[in-house]
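Colleague: Predicted model and sequence follow; I will ask about them next.
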Amino acid sequence: MRLVTLIIGFVGLILTSGFTQGEVLDKIIAIVGSEILLKSELDENIALARSQSGVLPEDADCLILNQLLSQKLLINQARLDSIQVLDEEVEGQMNARFEQILVMMNNDPQQFSDYYGMSITEAREKFRVDMKDQLLAQRMQQTVIADVKITPAEVISFFNEIPTDSLPYFNSEVEIGEIVYYPEPNDVELKKAKDEAFELRNMIVEQGANFSELAKSHSDDPGSGRLGGDLGWQKRGQFVPEFEAVAYTLEKGEISEVVKTEFGFHIIQLLERLGNRIHTRHILIQPAITQQDMADARTKLEEVRELIMTDSLSFSKAVKKYSSDKTQSYFNDGLMINPNSGSSFFETSELDVDVYFAIDTMKLNDVSSPIEQISDRREAAFKLLKLVSITEPHVASIQNDYSKIKNAAIEEKKGRATVKWVEETISNTYIKLDDDYLNCEALAPWFKSKQEINP
């Protein structure tokens, strides 16, 4: 089971490789088909695992090397099978990753440079190949496990094989409904933002100002703003309709008129276009949300809550009428989705602090007063929360926890399928592995390959 877990988990391990500090004396420690594995890659992943887990098992080096070899095997097979990863997919994943890192650093590029010893631009260049390889490995693994299904009988069998004294203990869990409401900017702030956007466009078009520098100093999109407004290569459907409708009509180098979307006012420049893929940059000016705008939004949600509590409006209808359709919960009848499990159940320890305290004293089907939160879009929002269900702490049972047990069972089956694929594919792949790792029990299948080791 341990090997299965590690094989299934290895693809995520590379996510932060290349970001460790310091120089490492390097050498090739393995060749898998056409892929090479460097000693520095192993050292970086060991350091990452240690930073995340603290004390590692004695054979951690061998287990992590096994993960990396499996990853190289998947990448090699993906190339042989002509599996494609588009440039815009790589850029999209990198944008999300760098956004996540920068949010943790208060959006301070200097803090990033100080920590990683390189600029954001340099780090993106260093990470690009690793990210493409990660996506190739993921896509190949998805192919390997695509046909893995599980029956109810297998779920029950999986559960029955767990020793009674090893059954997991589930803490109390809750389901929470939400109505997410964004304050609307007033007309004065809308005009100020629009005027600023027109002024910036005039500076670029009429006065020859540098688009990139103005984006860095004025854009309210922190992700692209740091990169001079660069949005990278994107395919049709990635932008909101108003933005896309204009971007796809531009000629190379052309700068748009001011474009209004739900995010604010944009100045767009088309850098390149290839079929349905475009490479653009923009400057975004967002109208400010004033304290009065915030107060008006809070008042509106208080009125909505009163309608719900007096049975004048159902929570479900209130979601469709007042909640933002930019939230996942909007399409799930208001139910929040746990990003860790993909289900609607949360342990209380997984909740944001303000959500936890809002529901802590609520009874079943109660609706909270409006609470203020910063949304996933980094905008101020107000929420109404409804306590939909709550469970008591309990030992796992097939009757009460079937969906969780099913998820565990299918992941275990996918793991076994991946291990089997790795073992079968090794025998048909050229393998060369450094003799320094001959004593690693986890690497026995690699050393037993039909190919000669270190010929």
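Modeller: Yep, it's here.

Colleague: Could you say which helix or strand holds the residue lying closest to Ile359 once chain neighbours are set aside?
Modeller: Nearest residue to Ile359, sequence neighbours excluded (CB to CB, 6 or more residues apart in numbering): Leu387, at 5.3 Å. Where you see a C-beta, it was placed from the backbone N, CA and C, and this is true even at glycine. Per DSSP states H and E, Leu387 falls inside strand 380-390.

Colleague: buried sites along that strand?
Modeller: Ala381, Phe382, Lys383, Leu384, Leu385, Lys386, Leu387, Val388, Ile390 (16 or more other CB atoms under 10 Å).

Colleague: Pairing partners for the helix or strand following it, with directions?
Modeller: Elements were assigned by DSSP H and E; along the chain past strand 380-390, the next helix or strand is strand 394-395. According to DSSP bridges, strand 394-395 forms sheet pairs with strand 169-170 (antiparallel).

Colleague: Next secondary structure after the partner strand?
Modeller: strand 173-181.

Colleague: Please work out the angle formed by the directions of that following strand and strand 380-390.
Modeller: 150 degrees (axes from the mean of the first three to the mean of the last three CA atoms, to 10 degrees).

Colleague: shift numbering so it begins at 59
Modeller: Noted, 59 is the first residue going forward, which turns the last one into strand 231-239.

Colleague: Could you list every helix and strand in contact with strand 231-239?
Modeller: The helices and strands touching strand 231-239, judged by 3 or more CB pairs under 8 Å, 6 or more residues apart in numbering; DSSP states H and E, are helix 349-367, helix 373-380, strand 404-405, helix 411-417, strand 438-448.

Colleague: and the next helix or strand after that strand, which residues are buried?
Modeller: Counting by DSSP H and E, the next helix or strand C-terminal to strand 231-239 is helix 245-263. Judged by neighbour count using 16+ other CB under 10 Å, the buried positions of helix 245-263 are Glu247, Leu248, Ala251, Lys252, Glu254, Ala255, Leu258, Arg259, Met261, Ile262.

Colleague: before we move on, back to that, quick check: bridge partners of the residue nearest to Ile417?
Modeller: Under the criterion used here (DSSP bridges), Leu445 is bridged to Ile234.

Colleague: can you check Arg339 too?
Modeller: Asp288, Gln327.

Colleague: which one is Asp279 nearest to, not counting chain neighbours?
Modeller: Nearest to Asp279 is Leu342, by CB to CB, 6+ apart, at 4.2 Å.

Colleague: Strands of this protein, start to end?
Modeller: For the chain, the strands defined by DSSP state E occupy 86-90, 93-96, 227-228, 231-239, 288-293, 317-319, 322-332, 335-343, 404-405, 429-432, 438-448, 452-453, 489-491.

Colleague: now do the same end-to-end measure for stretch 86-100.
Modeller: Stretch 86-100 stretches 10 Å from its first residue to its last (CA to CA, to the nearest Å).

Colleague: chain center to it: distance?
Modeller: Averaging C-alpha positions (CA atoms, centre = their mean, to the nearest Å) puts stretch 86-100 27 Å from its chain's average.

Colleague: got the domain boundaries for the protein?
Modeller: 60-208+462-505, 230-242+348-450, 245-343 (automatic domain parsing).

Colleague: what about the ones you listed, which gets the closest to Ser215?
Modeller: Closest to Ser215 of these is domain 60-208+462-505 (CB to CB; 8.3 Å).

Colleague: one step back: TSV for the helices and strands packed on strand 231-239, including distance to Ala267?
Modeller: Output for these, formatted as TSV (distance: least, CB to CB, whole Å):
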stretch	distance to Ala267
helix 349-367	31
helix 373-380	42
strand 404-405	49
helix 411-417	42
strand 438-448	31
